[in-house]
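In: Structure of the sequence below:
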Amino acid sequence: MKWLPGVALAGAAALVAWAIHALIPAIPLLTAAVAIGIIVGQIPAARGALNGILAPGLSVASKQFMRLGIVLLGLKLSLVDILGLGWLSIVMIVAIVLLTFVGTIGLGRAFGLPGHQPLLIATGFSICGASAIGAMSGVVKAKDEETATPIALVTLCGTLAIAVLPLLWHPLGLSNEQFGQWVGASVHDVGQVVATAQIAGPAALAVAIVVKLTRVLMLAPVVAVAAGVERRRHGAAVELATRTGAAAPDAAARPPIVPLFVAGFLAAVLVRTLFPVPESVLEVADWLQTALLAMALFGLGSAVRLGELVRTGWRALLVGLLSWTLIASLAYGAVQLP
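Out: Reported below is the predicted structural model:
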């Protein structure tokens, strides 16, 4: 039960995030949860507890709860709705995700970001924000300090998008539906998409959500490929250690071919697509998924140290801003196509 204090704190933070969202609907619940975690992580008096008695529970929240939340996220996705976009739109969305993903990794490496940071920033900015970063972090066994900076950056840029994109709506000459498509293709978190697109009306919001969930579907193949690469690297390290007589990596640390939560996510998508899931079940699943992800994102946010980010993270900040500009530009170009 050593995990109980940390999980209880994450649950309390999720309730506070819900209250903030209820009072100010423009602030997405999950964004509020990350922000609360970041704020708590900056309080000097709290750091001893965060690194001590609360650490086991926060680890459970940021890892296990994240994976369960992503599995339930699959119940939001119906392949019928996605196919309704048309093949051209689907191809364009996939192209935007892949180009942003590859381009951001390239930017991260060009600016000399350490460890898994380029991969994590690329995953968050191209797919679905902090949730995607948490999923990828678990697969590649990223360190907390590698995960913290991408979480802060994607939260910052996603929050800025809520304010900035509506200001560009009319100057860029976008119709309501085009604005919805642009938001869905370029804003990071689902909640941030809703907060940004709703100002253009229900039709814009509807198309924005479908486009965004199509991007979310890309989480499964991208994470699975990353797991395959990590598995191959692990195997090569074991083989090298065997040849040289050095200490071999732990065999248990080798990632599975397809992470279990990715398989669960895909299974949930198929269930939603193939079976008439009762609305009451979907509502409960949506509530549970939101609660799990809010707790997970609070845990991830609490690992962020803004002081260190300000002192050493200017390169990461520049990469994040460039990645945000890249995906917004690609998405704008896509909605201009006939």
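
In: So which other helices or strands are in contact with the helix or strand hosting Val281?
Out: Per DSSP states H and E, Val281 falls inside helix 279-301. Here helix 279-301 touches helix 4-23, helix 29-41, helix 66-73, helix 129-140, helix 144-169, going by 3 or more CB pairs under 8 Å, 6 or more residues apart in numbering; DSSP states H and E. In this view, the C-beta of every residue, glycine as well, is placed from N, C-alpha and C.

In: Tell me which of the ones you listed is the most buried.
Out: Comparing these by mean neighbour count (mean count of other CB atoms under 10 Å), helix 129-140 comes out on top with a mean of 27.

In: Counting neighbours, show which residues of the helix or strand of the chain with the lowest mean pLDDT come out buried.
Out: Least confident element among the helices and strands of the chain, by mean pLDDT, DSSP states H and E: helix 306-312 (a mean of 70). Within helix 306-312, the residues scored as buried using 16 or more other CB atoms under 10 Å are Leu309.

In: List the contacts of the helix or strand following it.
Out: Using DSSP H and E, the helix or strand that directly follows helix 306-312 along the chain is helix 314-335. For helix 314-335, the surrounding residues in contact (CB atoms under 8 Å, 6 or more residues apart in numbering) are 92-93, 95-96, 99-100, 103-104, 107-108, 111-113, 117-118, 121-122, 125-126, 149-150, 153-154, 156-157, 160-161, 165, 172, 174, 178, 181-182, 185-186, 309.

In: do the same with stretch 169-184
Out: 89, 161, 165, 193, 196-197, 200-201, 203-212, 214-215, 328, 331-332, 334-336.

In: Stretch 146-154 now?
Out: Outside stretch 146-154, the residues touching it (CB under 8 Å, 6+ apart) are 34, 38, 114-117, 120-121, 123-125, 129-130, 133-134, 137, 188-189, 297, 300-301, 303-306, 309, 313, 316-317, 319-320.

In: Please save the CA atoms from stretch 149-156 in CSV.
Out: In CSV, the C-alpha atoms belonging to stretch 149-156 read as follows (Å, rounded to 0.1, in the frame of the first residue of the first chain):
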residue,chain,number,x,y,z
THR,A,149,10.7,18.9,-20.4
PRO,A,150,8.5,17.6,-23.3
ILE,A,151,5.5,17.5,-20.9
ALA,A,152,6.1,21.2,-20.0
LEU,A,153,6.6,22.2,-23.6
VAL,A,154,3.6,20.4,-25.1
THR,A,155,1.4,21.8,-22.3
LEU,A,156,2.7,25.4,-22.9
